[in-house]
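Asker: Let's see this in three dimensions:
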Amino acid sequence: MHIISFAIKQAGQTIGNTPIREQAVGAAKARAQQTRFPVSVIAHCDTGKEIEVIFHPDGTSERIRK
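Answerer: Numbering: from 1, shown residues only. Predicted coordinates:
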C-alpha cells in the first residue's frame, strides 16, 4: 500500500491537496489553530483505501480508518 496524495478538508470543503505528507500535516495544524475548527487530512492510497486524521485546534489529533 502506497499513499498517492493527501487532501486537506475543513467543514466538508477541500482547502488543498498535496503529495507531501509533512506539508499536509503542517497546513492542517496551522489552519485548525487559526480558524479554531478541526481540519482533516485524508490520505488516498493506491489500493483505493483512505485514511483520515483530524487535527483539532487544541493540538490533539485522531486517526480514522475508512
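
Asker: Let me see the contact set for the residue nearest the centre of the chain.
Answerer: Against the mean C-alpha coordinate of the chain, by C-alpha atoms, centre = their mean, the closest residue is Val41 at 0.8 Å. Going by C-beta atoms under 8 Å, 6 or more residues apart in numbering, Val41 touches 6-9, 24-25, 28, 52-53, 55. C-betas here are computed from N, CA, C, even on glycine.

Asker: hmm, 6 Å instead?
Answerer: 6, 8, 24, 28, 53 (C-beta atoms under 6 Å, 6 or more residues apart in numbering).

Asker: Which secondary structure element of the protein has the lowest mean pLDDT?
Answerer: Sorting the helices and strands of the chain by mean pLDDT, DSSP states H and E puts strand 61-65 at the bottom, at a mean of 87.

Asker: got the contact list for that strand?
Answerer: 51-55.

Asker: Now, of these, which are buried?
Answerer: For the contacts of strand 61-65, a burial check counting by 16 or more other C-beta atoms under 10 Å picks out 51, 53-55.

Asker: Show me the strands in the protein, by range?
Answerer: According to DSSP state E, the chain carries its strands in the segments 3-10, 13-18, 39-45, 50-55, 61-65.

Asker: neighbouring strands for the second one, and are they parallel or not?
Answerer: If I follow you right, that is strand 13-18. strand 3-10 (antiparallel) (DSSP bridges).

Asker: Just the buried residues of the partner strand, please?
Answerer: Applying 16+ other C-beta under 10 Å to strand 3-10 flags 6-10 as buried.

Asker: Stretch 33-41 too?
Answerer: With the criterion 16+ other C-beta under 10 Å, stretch 33-41 contains buried residues 38-41.

Asker: Next one: Gln23 from Thr47, what distance?
Answerer: Using C-beta to C-beta, to the nearest Å, one gets 23 Å for the distance from Gln23 to Thr47.
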